[in-house]
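Q: need a structure here:
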Amino acid sequence: MRVLLVEDEAILGAAVRDHIAAAGHAVDWMQNLADAELSLRSVDYGLVLLDLALPDGSGLDLLRNLRRRNDRRPVIILTARDRISDRIDGLNAGADDYLVKPFDLDELTARIGAVARRANDNVSPVLPVGELEIAQTIRQVSRRGERIELTRREWAILDELLRRPGAIVSRERLEEGLYAFGSEIESNAVEVYVSRLRKKLGKDVIHTQRGLGYRLALGQRP
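A: Prediction:
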């Protein structure tokens, strides 16, 4: 999943960016509202992490503008404002979650998974795909009880397909899930990681729709 981090504190921003990237997400880090707004208009982010006190204004204004445009992408507020009234303002403005600084990075990762799952209407913690069981929130895949290890970028591809179960996902959209701004994109990266996933998960788990993209083959186990 590609995540937009809007945070002006350099030390905290770097720590959050690195932690989320290590969990398998592509992260774009913006330090003011203007850059964040431009990014949101050009990239289909799966989730936004939003500070409230920014150099050029309040993160609440950005959030309200998103909701006025009927942009429903998930937003988690990250802020030092810990009063109940601040939490209420944030949630009423349309935030999906509210986390007060300082926070544990592992808790942030768990909340990202929970919010993303709710946004995708995936109420089941385990998704059956053929003989596989995929627990997206805790990033675990197993076959008949045996765990299958995936790399960070293999998970990035699988995450994008899981966000649109059964639907065709374009090659360009998968690339967005792999790379943040400024990253060097290898021309065959998607094909490489799809091929690796097929070797680990099964050749029929991901279908190629020629000229369109890729689709996850869903289904209950026989």
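
Q: In a strand, residue 4, correct?
A: Yes. Using DSSP: H, G, I helix; E, B strand; the rest coil, the assignment for residue 4 is a strand.

Q: Next, the distance between the ends of stretch 40-57.
A: Start to finish, the residues bounding stretch 40-57 are 16 Å apart (Cα to Cα, to the nearest Å).

Q: What residues sit buried inside that stretch?
A: Using 16 or more other Cβ atoms under 10 Å as the test for burial, stretch 40-57 gives 40, 45-52, 54. Any C-beta I mention is one placed from the backbone N, CA and C, and that applies to glycine too.

Q: Can I get these in CSV including distance to residue 11?
A: Output for those, formatted as CSV (distance: Cβ to Cβ, whole Å):
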residue, distance to residue 11
40, 24
45, 23
46, 25
47, 22
48, 21
49, 15
50, 18
51, 13
52, 18
54, 16
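
Q: In helices, which of the residues you listed appear?
A: Per DSSP state H, helices hold the following members of the buried residues of stretch 40-57: residue 40.

Q: which helices and strands sit right next to the helix or strand bottoming out on mean pLDDT in the chain?
A: Counting by mean pLDDT, DSSP states H and E, the weakest-scoring helix or strand in the chain turns out to be strand 127-129, with a mean of 77. Judged by 3 or more Cβ pairs under 8 Å, 6 or more residues apart in numbering; DSSP states H and E, strand 127-129 is in contact with strand 132-135.

Q: which residues sit against the strand it packs on?
A: 125-128, 140-143, 148, 158, 162, 201-202, 205 (Cβ atoms under 8 Å, 6 or more residues apart in numbering).

Q: and of those residues, the nearest to residue 19?
A: residue 140 (18.5 Å; Cβ to Cβ).

Q: still on that earlier bit, okay, who's weakest in the contacts of strand 132-135 by pLDDT?
A: Of all the contacts of strand 132-135, residue 125 has the smallest pLDDT value, namely 62.

Q: picking that back up, mind listing which of the buried residues of stretch 40-57 are in strands?
A: Per DSSP state E, strands hold the following members of the buried residues of stretch 40-57: 47-50, 54.

Q: before we move on, back to that, show me which of the buried residues of stretch 40-57 is closest to residue 188.
A: residue 46 (23.4 Å).

Q: Confirm for me that that closest one is in contact with residue 163.
A: Yes. Between residue 46 and residue 163 there is a contact at 6.4 Å, judged by Cβ atoms under 8 Å.

Q: Next, show the common contact partners of those two.
A: 1, 116.

Q: I'd like to know the average pLDDT value across the longest helix anywhere in the chain.
A: For the chain, the longest helix by residue count, based on DSSP H, is helix 105-119. Across helix 105-119, pLDDT averages out at 87.

Q: Contacts for that helix, please.
A: Against helix 105-119 from outside (Cβ under 8 Å, 6+ apart): 1, 3, 15-16, 19-20, 23, 25, 46-47, 49, 72-74, 76, 78, 96-97, 99, 123, 125, 136-139, 163.

Q: which other helices and strands contact the strand or helix carrying residue 91?
A: Taking DSSP states H and E as the criterion, residue 91 maps to helix 84-92. Helix 84-92 sits against helix 59-68, strand 75-79, strand 97-100, with contacts defined as 3+ Cβ pairs under 8 Å, 6+ apart.

Q: Can you tell me which of those is most buried?
A: Most buried of the helices and strands packed on helix 84-92 by mean neighbour count (mean count of other Cβ atoms under 10 Å) is strand 75-79; its value is a mean of 24.
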